[in-house]
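S.K.: Quick one, fold the following:
(3 chains)
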Amino acid sequence: MQGRRIDYEKELNEEQLAAVQAPDGPVLVIAAAGTGKTRTLVYRVAWLVEQGIDPRGILLLTFTNRAANEMLDRARALVGDSVSGMWGGTFHHMANRILRRHGTSLGYRSDFTILDQDDARSLVKSCINELKLTDKHVPKPDVLLSLFGFASGTEKSLERLASDRFEFTPIAPEDIVRVHKLYQKRKVDLGAMDFDDLLANGLRLFREFPDCLAHYRERFVHTLVDEYQDTNTIQATWVDMVAGPKGNLLVVGDDFQSIYSWRGANFKNILSFPERYPGAAMYKLVTNYRSVPEILNLANACIAGNPEQFQKTLKAVREPHQRPWLVELRDGQEQARFIIEKIRNLRAEGYRMSEITVLYRSHFQALELQMELSSQRMPFVITSGMRFFEQAHIKDACAVLRLFSNPGDELAFLRLLGLWPRVGPKTGLKIWASLGRRCDLRKQATREKLKAALPKVAQDAWSTVEQIGEVYDRDELHSDPGEVVHRFVAGFYRVHAMETFENADRRLEDLEELVNFSTRFATVDEMLSEVALQSNLDTEGEAVDAGDTERIRLSTVHQAKGLEWSVVFILWLADGLFPSSRSLNEDESDAEERRLFYVATTRAKDELYLCTPRMRRTREGGITFLSPSRFISEIPGAMMKRITPLS
DNA sequence: GTTTCGGTTCTTTTT
DNA sequence: GAACCGAAAC
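M.R.: Model prediction:
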C-alpha cells in the first residue's frame, strides 16, 4: 500500500496539530474522551516518518491488542506499507519479542512458555497443595495471583501488601510469601513466564544488561505510548529507560479514564510526568467531536468531584440534540423489556443495530437481557467473560502444540493426558515423573515408555498423538501448527468432544476457526505466544464480524473503552452494582468507579439511557431493594429527562 | 486409591 | 458455564 499526501492543517484541528508536530523531546498529551487521541497518535507517526525517521526506529506501545491493530491499520492507510517496520503492539507483546531474543541472559530458553490466567491458576493451586497449606487459611489461587501481579507491577513488597490486605484475618502473610516463592521456582523449572513475568523480566533485562538497553535505546529513536494513565510502575520505568536521555517520548492519556488501578496501574505516572520530565511540552485535547453537548454536560458534571486530576472540560462541537434519559424501572426484567422495546423504536427511526450498545459493570449483569434478547430473536454479540483462547476445548488442542514446543511443559502434559479415559491428575503426575519430567513426543523411546504406562482404555486415544509425534519432524509440522491441530481433532478430539460436551458442534467450529487462525503463523512457537497474548478472536478478527454487523453489542465498560456508538444503554445503575460493592469494600474511595461511569457515558454519540432498576430478584425468590447509583444522584436533575415506563 | 459423576453455588474489571 | 464437593464406580 502506498501512503498518501497528508494535509496536516486541514485534517487536524489546532489542538491535534500542535501535538502531532511537537518538537523532539518529552511530550505529554492529555486527550479527553472523544477528542481524536488515536488520530493524533497515528498522524504523529506519519509526521515523524515524513521528517525522515525510519519506521523501524519508532516504538508504539498500547495496552490492548485492539488498540494496537487499529493504530497499525490506520497508520498503514496513511503512511503506506513502510510502517510495517515499526514496532507496534501491547507492552506484553514487546516484552515477549525482546525476551525471545535476549531472555537467555536471564536463564530462559528462547522457547519459553507463556502461562495464561488458567495455567497460572492451576500452578498456584499445585503449589498450595505441595506446601500442605490446604487446611490452613490461604486465599484462593485467583486472589493470590492478583496480589502477586500487583506486587510485581508496582514493585512493592508482597509481604507488606499481604499483611495490609489480610489484617485481622487468620491468613498468614508468611504463607503467601511461601506460595509465591514456590510458584516462582516452579515457573522457572517449567521454562515458563506468566503475564507479569513478561513485564518484570523485560525490565530486568534493561536494568541488568546495559548492552541490551543500549541496543534498544539506539534502535528506538521515538517512543509513543497510548493510554499512559494505565501504566504501572514497571511499565512506566521500562518506558523511561528505553526512551533514555534523548527523551523522545510522547505519551497520550487521560487521567479521567484511568480504570485499571486494581491491577497496579498508577495514574500518578501521568500526573507526575511534567515533574519527571522537566521542560516536557504539554498539549491538551478537549474538543469533542463524538457526543452531543447534553451528554458531555452530564459527563463533565459527574467527573468534576474527583480529586487529583488535570482539570479539563469537554468542549462540544456538535449541535444540541436531546438530554440523556434517566430510566426508572421496577426490576431487571422490566429493564430488559424496556431496552428491547426501545431498540425496536430506534430501528424504526433508522438506527442500525450495530450503532447500539448495552454497557454494564460486570458480565453477570447482562444475563437477564441476553435471555430476553434471544427469546425475542434479536441478534446480539457479547464480548464475553470467557475469552476465546481460554475455553476448555481451545486449550485442550493447544496443549498438544505446547508439548511439542516445550517438552518440559508439565501443565500441557497433564492437560493432554487428562483427556484420556482413566487418567486424572494423579496418574498423569506419576507418568510425568516416570518420564523424567520431560516428554518429547518426537523421540521414539519416550513414546514407547509413555504408551506402556497408560491404562488399556487410553491406548486408542493415545495412538492419534503417537502418530503425530512419529511424523512431526518428517512432515515439518513445526512450521504448520494448523495441521497438528487438524490431525489431533480429526483423530481423537472430535469424538471426545461429542462425548463430553453438550454443545460439541459449536466447539468444533471454534477449533476449525483455530486452524484458520493458525495459517498466519510460520511456526508452532510463534502461534503459541500469540495465542497466550491474544484474549479475544472475535473483537479484532474483522473476518468474523464483517458479514453480520447487524447486531447489538453487549459489553462491559472496561471492554468498551476507546469505542463509540450512537446509542448507549447503561444497565443496573444502582449502588452496590455500579458502583460495584466489591470495589467499595476496599479502603479505596469510589473515584475509580466514577471514572468508569465517566468512560461509559462518553461512549455515546447521540443518545444515552441510564437505567436504574429499583429491585433485584436473587435466586430462590429473594428480593433486594436497590437505591439509585450515587453517580446518578450527583448529576443535577435538570441534565436528564426522566422516564418511568410501564408499571 | 483414583477417577468419574451428579449436585450445588457463584459469577469485577484484563494482558 | 465452571469450580467445588461428596459419593459412587472402576
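
S.K.: show me where the stretch 301-450 of chain A has helices.
M.R.: For the stretch 301-450 of chain A, the helices defined by DSSP state H, counting those that start in this stretch cover A:332-348, A:367-375, A:392-405, A:410-418, A:425-434, A:444-453.

S.K.: Name the residues of the stretch 1-150 of chain A found near DNA strand B, please.
M.R.: Counting by Cβ under 7 Å from any atom of the strand, the stretch 1-150 of chain A comes close to DNA strand B at A:Phe63, A:Thr64, A:Asn65, A:Arg66, A:Thr90, A:Phe91, A:His92, A:His93, A:Gln117, A:Ser146. For glycine as for every other residue, the C-beta is placed from the backbone atoms N, C-alpha and C.

S.K.: I should have written the stretch 251-400 of chain A there, sorry.
M.R.: Neighbours of DNA strand B within the stretch 251-400 of chain A, by Cβ under 7 Å from any atom of the strand: A:Ile259, A:Tyr260, A:Trp262, A:Arg263, A:Arg361, A:Ser362, A:His363, A:Phe364, A:Leu367, A:Thr383, A:Gly385, A:Arg387.

S.K.: Out of those, which end up buried?
M.R.: A:Ile259, A:Tyr260, A:Arg361, A:His363, A:Thr383, A:Arg387 (16 or more other Cβ atoms under 10 Å).

S.K.: so how far is A:Ala336 from the residue in the stretch 501-647 of chain A positioned nearest to DNA strand C?
M.R.: Proximity of the stretch 501-647 of chain A to DNA strand C (Cβ to the nearest atom of the strand) peaks at A:Asn503, 4.7 Å away. Per Cβ to Cβ, to the nearest Å, A:Asn503 is found 24 Å from A:Ala336.

S.K.: Give me the more crowded residue out of the two.
M.R.: Set A:Asn503 next to A:Ala336 and count neighbours by other Cβ atoms under 10 Å: A:Ala336 wins out with 25 against 10.

S.K.: Name the strands paired with the lengthiest strand in chain A and say parallel or antiparallel.
M.R.: Counting by DSSP state E, the longest strand found in chain A is strand A:604-613. If you go by DSSP bridges, strand A:604-613 pairs up with strand A:325-329 (parallel), strand A:565-570 (parallel).

S.K.: Could you dump these into a markdown table and include mean pLDDT, mean neighbour count and distance to DNA strand C?
M.R.: A markdown table is the format used below for those (pLDDT from 0 to 100; neighbours: other Cβ atoms under 10 Å; distance: least, Cβ to the nearest atom of the strand, whole Å):
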| stretch | mean pLDDT | mean neighbour count | distance to DNA strand C |
| --- | --- | --- | --- |
| strand A:325-329 | 94 | 21 | 25 |
| strand A:565-570 | 95 | 23 | 23 |
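
S.K.: about what we covered before: would you tell me which one of the residues of the stretch 1-150 of chain A next to DNA strand B comes nearest to A:Ala397?
M.R.: Checking those against A:Ala397 with Cβ to Cβ, the nearest one is A:Gln117 at 17.9 Å.

S.K.: OK, now which residue of the stretch 151-300 of chain A is nearest to DNA strand C?
M.R.: Closest point on the stretch 151-300 of chain A to DNA strand C, by Cβ to the nearest atom of the strand, is A:Val179, at 14.4 Å.

S.K.: List the residues that contact that residue.
M.R.: A:Val124, A:Cys127, A:Ile128, A:Leu131, A:Leu133, A:Val138, A:Leu144 (Cβ atoms under 8 Å, 6 or more residues apart in numbering).

S.K.: just the helices in the stretch 51-200 of chain A please.
M.R.: Per DSSP H, counting those that start in this stretch, the stretch 51-200 of chain A carries helices over the ranges A:65-79, A:91-102, A:117-130, A:141-154, A:158-165, A:173-190, A:195-208.

S.K.: For A:Leu285, which of the ones you listed is the nearest?
M.R.: Taking the helices of the stretch 51-200 of chain A one by one with Cβ to Cβ, helix A:65-79 is closest: 16.2 Å.

S.K.: where does chain A dip in pLDDT?
M.R.: For chain A, the stretches with pLDDT under 70 are A:1, A:308-309, A:384-386, A:535-549, A:585-588, A:618-622, A:646-647.

S.K.: ok and the residue in it nearest DNA strand B?
M.R.: Using Cβ to the nearest atom of the strand, the closest approach of chain A to DNA strand B is made by A:Gly424 at 2.7 Å.

S.K.: Could you count how many residues lie near that residue?
M.R.: A:Gly424 sits with 11 neighbouring residues when counted by other Cβ under 10 Å.

S.K.: For it, what are phi and psi?
M.R.: The phi/psi pair for A:Gly424 (degrees, to the nearest 10) reads phi -120, psi -160.

S.K.: ok, it - contacts?
M.R.: Contact analysis of A:Gly424 by Cβ under 8 Å, 6+ apart lists A:Gly418.

S.K.: at 10 Å instead, please
M.R.: A:Leu414, A:Leu417, A:Gly418 (Cβ atoms under 10 Å, 6 or more residues apart in numbering).

S.K.: for A:Asp606, same thing?
M.R.: A:290-292, A:294-295, A:318, A:321-322, A:346, A:351, A:355, A:565-568 are the contacts of A:Asp606 under Cβ under 10 Å, 6+ apart.

S.K.: Quick check: which element contains the closest residue to A:Ala397 other than its chain neighbours?
M.R.: Leaving aside its sequence neighbours, A:Ala397 sits nearest to A:Val485 (Cβ to Cβ, 6 or more residues apart in numbering; 5.0 Å). Following DSSP states H and E, one finds A:Val485 within helix A:481-488.
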